[in-house]
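> Task: produce atomic coordinates for the following.
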Amino acid sequence: MTRVAITQCDSYEPEVVLQKIQKLVDSIGGIDKFVRPGCKVLLKPNLLSAGTPEQAITTHPVVVDAVLRMVKQRGAQVIMGDSSVDSNWKTIISKSGLQAVCERHGVPLKNLSLVNSVPKPSNTFKNLELAETLDEVDVVINLPKIKTHSQVYLTCAVKNLYGLVVGKRKLNWHLKTGINHDIFADLIVEIADQVKPALTIVDGILAMEGDGPGAAGTPRYLNCLIAGTDCMAIDRVVAELVGADLRLFYTHQSARRKNIGTNSLDRIDLVGDVSIEKLKVKDFHFPTPAGVIMMPEVLRPYLRHYLTAKPVVEPSKCILCRKCVEQCPTKVMSTDPVAKIVINYTECIRCACCIEVCPEGALAMKKGVVGKIADLAGIT
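Next comes the predicted model:
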């Protein structure tokens with residue numbers, strides 16, 4: 001059975017977090033099992049966009065600092081890295097607090113930019129374009145944040161590894177997979193299966209609910225830390241913790257279809273100093289589902305644009321920074337003469353990139369009249 005460890009942690013007090021993470025890792029084999037002296041380790045936090053630790057957009061610096069201390073104590077060489085579609089990398093790493101952490105430890109914090117094409121002839125995609133840094137390290141440690149996600153419903157261990165797709169190539173992949181969220185989920189799952197991080201440690205102390213994963217989401221304390229080696233198993237535990245509808249959890253469904261990882265609770269050995277029942281929440285708020293769920297597969301391609309949720313701008317929050325316009329993969333967003341954001345929904349692929357990069361939380365997924373009627377009829 002796959003082992004996943006969970007502990008209750010009610011604050012970001014540095015020494016408490018360090019002790020909790022050490023116990024978690026000890027319960028799945030100890031840090032020596034994953035990191036040896038002299039090896040090269042890549043720490044992969046969530047650095048989606050510019051936000052303070054209190055906004056819960058990025059992995060909290062105290063969690064990252066604790067893992068960094070453990071890894072360095074083993075005599076490993078450490079690199080920290082991610083690749084954001086947001087061009088303002090200096091602002092992202094500064095506001096997140098991770099720049100200060102890396103400077104304190106003398107560890108490079110890289111905006112991953114070089115690409116290596118990984119052949120995958122036997123899977124859905126012929127190749128995966130991932131950061132070249134992966135070829136330079138011996139170990140990847142995944143440091144995700146528990147957050148809702150307007151496109152794939154929930155993001156944690158599996159989705160965090162999509163950050164290893166370099167910069168604007170993320171937008172290219174959105175174009176390739178289009179409005180079909182199942183295919184996009186297949187891509188994410190295959191990336192996670194290719195990378196296979198040796199260890200994943202989840203920041204679930206302060207999570208995000210609502211219209212995540214960016215500034216439109218709402219911070220929510222879950223007071224937990226989670227560790228394991230199987231990203232799919234970890235995500236299944238997280239789904240249980242927040243009461244997720246597994247039909248809407250696209251990466252979970254993809255992993256089940258492909259038989260990748262452990263996707264059933266009865267095959268997970270859940271260890272730690274607290275039961276998941278004690279930490280479960282019943283009122284976690286999820287984003288409006290972006291996809292079409294219950295409709296017969298044969299009808300989905302024809303009605304998907306009319307039934308799926310779409311990004312909607314809240315004018316009172318929009319500051320016309322145009323980040324959404326710049327990052328839109330299909331270039332269907334623009335500003336009109338009266339200075340507001342205009343979206344061509346016919347060509348919009350519902351990728352939620354605009355929601356991710358909006359610094360003011362001025363965009364959110366919302367269903368139109370047809371989608372709401374379909375919900376009432378029970379066909380989406």
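> Check what pLDDT residue 120 gets.
The model reports residue 120 with a pLDDT of 59.
> mind checking how far the longest helix seen in the chain is from the chain centre?
With residue count as the measure and DSSP state H as the assignment, the chain has helix 181-195 as its longest helix. From the chain centre to the centre of helix 181-195 is a distance of 12 Å (Cα atoms, centre = their mean, to the nearest Å).
> Checking the closest residue to residue 1 other than its chain neighbours next. Helix, strand or coil?
Excluding the flanking residues, the one nearest residue 1 by Cβ to Cβ, 6 or more residues apart in numbering is residue 269, at 4.3 Å. For every residue, glycine as well, the C-beta is placed using N, CA and C. Recorded secondary structure, residue 269: strand (DSSP: H, G, I helix; E, B strand; the rest coil).
> Could you list the low-pLDDT ranges of this structure?
114, 117-124, 290-307, 337, 339, 368-380 (pLDDT under 70).
> where exactly do the helices run in it?
With DSSP H as the criterion, the chain has helices spanning 14-26, 61-73, 89-96, 98-105, 157-160, 169-177, 181-195, 231-242, 250-258, 276-279, 300-307, 323-327, 353-357, 369-377.
> would you list those helices in JSON lines and tack on mean neighbour count and distance to residue 217?
Supplementary listing: those in JSON lines, determined by neighbours: other Cβ atoms under 10 Å; distance: least, Cβ to Cβ, whole Å:
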{"stretch": "helix 14-26", "mean neighbour count": "17", "distance to residue 217": "22"}
{"stretch": "helix 61-73", "mean neighbour count": "21", "distance to residue 217": "18"}
{"stretch": "helix 89-96", "mean neighbour count": "19", "distance to residue 217": "15"}
{"stretch": "helix 98-105", "mean neighbour count": "18", "distance to residue 217": "19"}
{"stretch": "helix 157-160", "mean neighbour count": "28", "distance to residue 217": "14"}
{"stretch": "helix 169-177", "mean neighbour count": "17", "distance to residue 217": "19"}
{"stretch": "helix 181-195", "mean neighbour count": "22", "distance to residue 217": "19"}
{"stretch": "helix 231-242", "mean neighbour count": "25", "distance to residue 217": "13"}
{"stretch": "helix 250-258", "mean neighbour count": "22", "distance to residue 217": "18"}
{"stretch": "helix 276-279", "mean neighbour count": "14", "distance to residue 217": "20"}
{"stretch": "helix 300-307", "mean neighbour count": "16", "distance to residue 217": "24"}
{"stretch": "helix 323-327", "mean neighbour count": "20", "distance to residue 217": "16"}
{"stretch": "helix 353-357", "mean neighbour count": "25", "distance to residue 217": "9"}
{"stretch": "helix 369-377", "mean neighbour count": "13", "distance to residue 217": "21"}
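> Report all helices and strands that the longest helix of the chain contacts.
strand 127-131, helix 157-160, helix 169-177, helix 231-242, helix 250-258 (3 or more Cβ pairs under 8 Å, 6 or more residues apart in numbering; DSSP states H and E).
> end to end, how far does stretch 164-180 reach?
From its first residue to its last, stretch 164-180 covers 21 Å (Cα to Cα, to the nearest Å).
> ok, and what's touching that stretch?
44, 83-85, 112-115, 128-131, 134, 162, 183-184, 187, 191, 195, 304-305, 308, 327, 329-330, 349-351, 353 (Cβ atoms under 8 Å, 6 or more residues apart in numbering).
> redo that, cut-off 6 Å
83, 85, 112-113, 115, 129-131, 183-184, 187, 304, 329, 349-351 (Cβ atoms under 6 Å, 6 or more residues apart in numbering).
> wait, what's in contact with residue 185?
250-251, 254.
> for residue 225, same thing?
7, 9, 20.
> Could you rerun that using 10 Å?
With contact set as Cβ atoms under 10 Å, 6 or more residues apart in numbering, residue 225 has these partners: 5-9, 17, 20-21, 23-24, 63, 66, 201-205, 272.
> repeat for residue 210
Neighbours of residue 210 in contact, by Cβ under 10 Å, 6+ apart: 147-148, 150, 216-220, 284-288, 361, 364.
> what sits against the closest residue to it other than its chain neighbours?
With sequence-adjacent residues excluded and distances taken as Cβ to Cβ, 6+ apart, residue 210 is closest to residue 218, at 4.1 Å. Contacts for residue 218 (Cβ under 10 Å, 6+ apart) come out as 55-56, 148, 207-212, 285, 361.
> do that again at 7 Å, thanks
Residues in contact with residue 218 (Cβ atoms under 7 Å, 6 or more residues apart in numbering) are 208-210.
> Among the residues you listed, which one sits closest to residue 106?
Proximity of the contacts of residue 218 to residue 106 was ranked by Cβ to Cβ; the top entry is residue 208 with 30.6 Å.
> For burial, what's the neighbour tally of the closest one?
As a burial measure, residue 208 scores 25 neighbours (other Cβ atoms under 10 Å).
> what's the distance between it and residue 271?
Plainly put, residue 208 is 26 Å away from residue 271 if you go by Cβ to Cβ, to the nearest Å.
> same check, this time on residue 52
33 Å.
> And the two? Which one has more around it.
Applying other Cβ under 10 Å to residue 52 and residue 271 shows that residue 271 carries more neighbours, namely 15 against 11.
> still on that earlier bit, could I get the helices and strands packed on helix 181-195 in JSON lines, plus columns for distance to residue 107?
Below are the helices and strands packed on helix 181-195 laid out as JSON lines (distance: least, Cβ to Cβ, whole Å):
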{"stretch": "strand 127-131", "distance to residue 107": "17"}
{"stretch": "helix 157-160", "distance to residue 107": "19"}
{"stretch": "helix 169-177", "distance to residue 107": "24"}
{"stretch": "helix 231-242", "distance to residue 107": "23"}
{"stretch": "helix 250-258", "distance to residue 107": "29"}
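> which stretch among those comes nearest residue 341?
Of the helices and strands packed on helix 181-195, nearest to residue 341 by Cβ to Cβ is helix 169-177, at 17.7 Å.
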